[in-house]
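Undergrad: Fold the following and give me the result.
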Amino acid sequence: MKKSTKGSPFTPYQIAVVSLLALTQFSVVLDFMVMSPLGDILMKSMKMTPSQFGIVVSSYALSAGFSGFLTASFADKFDRKKLLLFFYSGFIVGTLLCGISNSYEFLVFSRIITGIFGGVISSISLAIVADIFDFNQRGRVMGFIQMGFGISQILGIPISLFLANQWNWQAPFYLIVGLSMAIFGAVYFILKPVTAHLSMQRANPLRHMWNTIKNKQYRIGFIATAFMSLGGYLMMPWGSAFAVNNVGIAVEELPLMFMIVGLITFAAMPLIGFISDRINKFTIFTGASVLMVFSVLIYSQLQQTSLFILIVVNGFMMMGIMARMIPSQALTASLPEMQDRGAFMSINSSLQQMAGGIAAMVGGMIVLQKSETSPLERFDLLGYLVIAIILINIFLTHRVYKYIKSREHL
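TA: Here you go, the predicted model:
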């Protein structure tokens, strides 16, 4: 199934696979991403403090991390299609529970269930990509799959916020459940079994997981991915609350902001993926990291300003995020050997989620809000922490690239 010709076009089936994985990514990303724009509404409707909201966000991430470690022990023992369908069905149930939540405690429980299943889907998708597409196709594949991120902002988040403003904050979760059920059916009927890795298994599941963790080169990839996650979870959960209470944007203007920033991101991602297959992936990652440093520095210092300025700053910041994420994921997916990919991706996703969960809790402890309408305090400190993490991540990703370069003779 794997194509080895450099720059080879995608087959019709490969195009279908990319589309299916992009759709699953869209639904999972929307479920997670919608928490940030709903943050201001949630904190006010449930009388939550920033610390409590941080727990709501981190409960998903930490449970996803725990699930990833469990999955790593058997991820390479099953058809990847069956694994994807199993965890996606659990994700749908968890999202439905979020929709019927009527208390802070039940919402935390629902996010834990959603995280247990939804947090593993990305790692399974990346393993499928690595099995079906060759190294010089993966940048384009990652770019298209990550378009789900952009679509979630262009359509998903604005529509979700509109529904939340018209009815209640639970409405977006019902929307996600409906979409996910349709996507589940498409995956079931279109995706072929992904089983080439099964013939390569020799160790028992627990030993396989332990051997994967012991691999020095794999550990470098794990740490690099964890640092990618730290920065995002530190700032992202407070995006809508910061925009409303610090920058002075009306709640009704949030859908427009997310839609425009999503359009910018959507347009940039395929181009980034295309370029990353033709230019040194680490060079792109480094340039995007520099863009991120300047964007975060400006964003975290914003005070009362116009919607236009906020959109411009957010647009540059999101382009920096995606221009880092796409080459980083392409490099990470190329790090493990085929027989280790399921375990590697599960452990990698697990550490990423756990690092993010810790970051969300830390962010909730750093950010202060005296009342539900007062500005968030110490948000600039989050910005400085994110910049430090970005700089460390450049060094870690360079080590990953050096190893892949020496092995693949790039």
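Undergrad: pLDDT-wise, which helix or strand of this structure ranks last?
TA: helix 147-151 (a mean of 68; mean pLDDT, DSSP states H and E).
Undergrad: low-scoring pLDDT stretches of this structure, where are they?
TA: When residues are selected by pLDDT under 70, those of the chain lie in 1-8, 72-75, 146-150, 153, 199-205, 342, 408-410.
Undergrad: If we use 50, what do you get?
TA: Within the chain, the stretches with pLDDT under 50 are 1-6.
Undergrad: centroid residue for it?
TA: By CA atoms, centre = their mean, the chain has its centre lying nearest to residue 29, at 6.2 Å.
Undergrad: Under a three-state scheme, what state does it occupy?
TA: The three-state label for residue 29, taken from DSSP: H, G, I helix; E, B strand; the rest coil, comes out as helix.
Undergrad: Kindly provide the distance from it to residue 212.
TA: 26 Å (CB to CB, to the nearest Å). Every C-beta, even on glycine, is put in place using the N, C-alpha and C of the backbone.
Undergrad: residues touching residue 305, list them.
TA: Residues in contact with residue 305 (CB atoms under 8 Å, 6 or more residues apart in numbering) are 247, 248.
Undergrad: Let's see that with 10 Å instead.
TA: Listed by CB atoms under 10 Å, 6 or more residues apart in numbering, the contact set of residue 305 reads 246, 247, 248, 249, 313.
Undergrad: cool, and residue 57?
TA: Listed by CB under 10 Å, 6+ apart, the contact partners of residue 57 are 32, 35-36, 39, 111, 115, 233, 236-238, 356-357, 359-361, 363-364.
Undergrad: Mind doing that once more with 7 Å?
TA: Residues near residue 57 by CB atoms under 7 Å, 6 or more residues apart in numbering: 35, 237, 360.
Undergrad: now residue 27
TA: Contacts for residue 27 (CB under 7 Å, 6+ apart) come out as 176, 179, 180, 183.
Undergrad: any chance of those residues in TSV, plus neighbour count, distance to residue 81 and secondary structure?
TA: What follows is those, written out as TSV (neighbours: other CB atoms under 10 Å; distance: CB to CB, whole Å; DSSP: H, G, I helix; E, B strand; the rest coil):
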residue	neighbour count	distance to residue 81	secondary structure
176	25	22	helix
179	18	20	helix
180	24	17	helix
183	20	14	helix
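Undergrad: what's the closest of these to residue 12?
TA: Residue 12 lies nearest to residue 183 out of those, by CB to CB, at 19.4 Å.
Undergrad: ok, the residue nearest to that closest one when sequence neighbours are not counted to residue 190 distance?
TA: Spatial nearest neighbour of residue 183, excluding adjacent residues (CB to CB, 6 or more residues apart in numbering): residue 23 at 4.8 Å. Separation of residue 23 from residue 190 (CB to CB): 11 Å.
Undergrad: CA atoms only for stretch 357-364 - export them in CSV, please.
TA: What follows is stretch 357-364 as a C-alpha-only set of coordinates in CSV (Å, rounded to 0.1, in the frame of the first residue of the first chain):
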residue,chain,number,x,y,z
GLY,A,357,-3.5,18.7,31.0
ILE,A,358,-0.8,19.8,33.4
ALA,A,359,-0.3,23.0,31.5
ALA,A,360,-4.1,23.8,31.6
MET,A,361,-4.1,23.3,35.4
VAL,A,362,-1.0,25.5,35.7
GLY,A,363,-2.5,28.1,33.5
GLY,A,364,-5.7,28.1,35.7
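Undergrad: Give me the contact list for that stretch.
TA: With CB under 7 Å, 6+ apart as the criterion, stretch 357-364 contacts 50-51, 53-55, 57-58, 61-62, 65, 230, 233-234, 237-238, 382.
Undergrad: Separate out the buried members of the residues you listed.
TA: With burial judged by 16 or more other CB atoms under 10 Å, the buried subset of the contacts of stretch 357-364 is 50, 53-55, 57-58, 61-62, 65, 230, 233-234, 237-238, 382.
Undergrad: mind listing what's buried in the helix or strand that the least confident helix or strand of the chain is followed by?
TA: Using DSSP states H and E, the next helix or strand after helix 147-151 towards the C-terminus is helix 157-166. Within helix 157-166, the residues scored as buried using 16+ other CB under 10 Å are 157, 158, 159, 160, 161, 163, 164.
Undergrad: what sits against residue 140?
TA: Shown in contact with residue 140 (CB under 7 Å, 6+ apart): 273, 274, 277.
Undergrad: Filter those down to the buried ones and hand me the ChimeraX line.
TA: For the buried members of those, the matching ChimeraX selection, counting by 16+ other CB under 10 Å, is:
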select :273,277
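Undergrad: Which of the contacts of residue 140 fall in helices?
TA: With DSSP state H as the criterion, helices contain 273, 274 from among these.
Undergrad: got TSV for the contacts of residue 140, with distance to residue 293 too?
TA: Converted to TSV, the contacts of residue 140 look like this (distance: CB to CB, whole Å):
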residue	distance to residue 293
273	22
274	24
277	25
